[in-house]
Structures are given as C-alpha cells and as structure tokens.
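Undergrad: Would you be able to build a 3D model of this:
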Amino acid sequence: MNTHPYLRAYLAGVFLPTLVLPLLLTGFIVARIILKVPVPIEQAMIFPMAVVPSLFGLWNMLYLGSHTNTHLPIGLHGAILPLLMAPAGALVATCLGVLQFGSHGVTWFQTCQVSYALIAPCFLAALVVYYLVWKYILGYLNRVLGVA
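TA: Okay, the predicted model is just below:
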C-alpha cells in the first residue's frame, strides 16, 4: 500500500497558515473599518493568503525529501523560509507599487514609512518565530501524520 508521505507532508505544512491567515485578515479588516486605519492592508493580505499556505506545504515536502541527505533540524529548515519569502515579497510589492525603498526606510502604500532600524529586529523576530513554529507545531504535525 502506498502511504503518500509527500501528500501528508503537504497537508501538515498547509494546516497552520490556512488556520492563522484568515484570522489575521479579519483583524486587519476590523482595524481598517472600525478604527479607520488609512492603510489598505487587506489588499496586501490577499496575495500572501494565496501563496503562504502553499509555500509552507511545499517547504515541508522539501524537508521530507531532503532530510535524509541534509539532516537539517526541522526548526532550522523552517527558519530558512523567511529568508526566501521576504526578498520575493519585497520584489512583488515593489513591482506592484505597494512598496517603495528610500534612503532611510521603506514606504508602504505611499502613507506608512518604516525605518530600516525597525525592519531589522522585526525580521530577526520573524526568524525566531518561524524556527519555533516549525520546530514545535509542524514537527508535531509531521509526527502525528507519520511523516517524520
């Protein structure tokens, strides 16, 4: 019997972002409508909602396929993902006119400017969060589904 380990790895990877991203979108929409936040962040959330779950699933499949050769821990494997997603997201946002790079920081939607000094620690925090999410949550899901 074929147990389809890559399908199970994909489903384990897709589970968490599929659960969390609609909650984040709801929070952003509430902030925009009720709190009258002037930045149309829900427009920027649509693309990640389509891409991030698939990336998590494919990244987990890559972990399953490459773990026998690399012996990389799942937390470290997951922490590499933002290193690929951030430049790709910045490139797409720049091409769509949502993000503009300046000498002191970036500007989103021509209204919100964030300095590079704030972006760097936030990116490091994202690496830590991805490491912990992949180590504990996706590692657990992989074990439950018999992938790991």
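
Undergrad: Secondary structure element holding the residue sitting nearest the centre point of the chain?
TA: Compute the mean C-alpha point of the chain, and by C-alpha atoms, centre = their mean the closest residue is residue 52, 5.3 Å away. Here residue 52, judged by DSSP states H and E, is contained in helix 41-70.

Undergrad: just the angle between whichever strand or helix holds residue 26 and helix 41-70, please?
TA: Using DSSP H and E, residue 26 falls within helix 5-33. Note on geometry: by axes from the mean of the first three to the mean of the last three C-alpha atoms, to 10 degrees, helix 5-33 and helix 41-70 are set 160 degrees apart in direction.

Undergrad: In the chain, where is pLDDT below threshold?
TA: For the chain, the stretches with pLDDT under 70 are 1-2, 42-43.

Undergrad: wait, residue 101 sits on residue 94?
TA: Yes: counting by C-beta atoms under 8 Å, residue 101 touches residue 94, with 7.1 Å between them. Quick note: C-beta positions are derived from backbone N, CA and C, even for glycine.

Undergrad: Show me what counts as buried in the helix holding residue 52.
TA: Under the neighbour-count criterion of 16 or more other C-beta atoms under 10 Å, helix 41-70 has 41, 44-45, 48, 52-53, 55-64, 67 buried.

Undergrad: Please identify the buried residues of stretch 27-41?
TA: Counting neighbours by 16+ other C-beta under 10 Å, stretch 27-41 gives 28, 32, 41 as buried.

Undergrad: Endpoints of that stretch, how far apart?
TA: Between the opening and closing residues of stretch 27-41 we find a distance of 10 Å, counting by C-alpha to C-alpha, to the nearest Å.

Undergrad: going forward can the numbers begin at 41, since that is how I track them
TA: OK, 41 is where the count begins now, so the last one is stretch 67-81.
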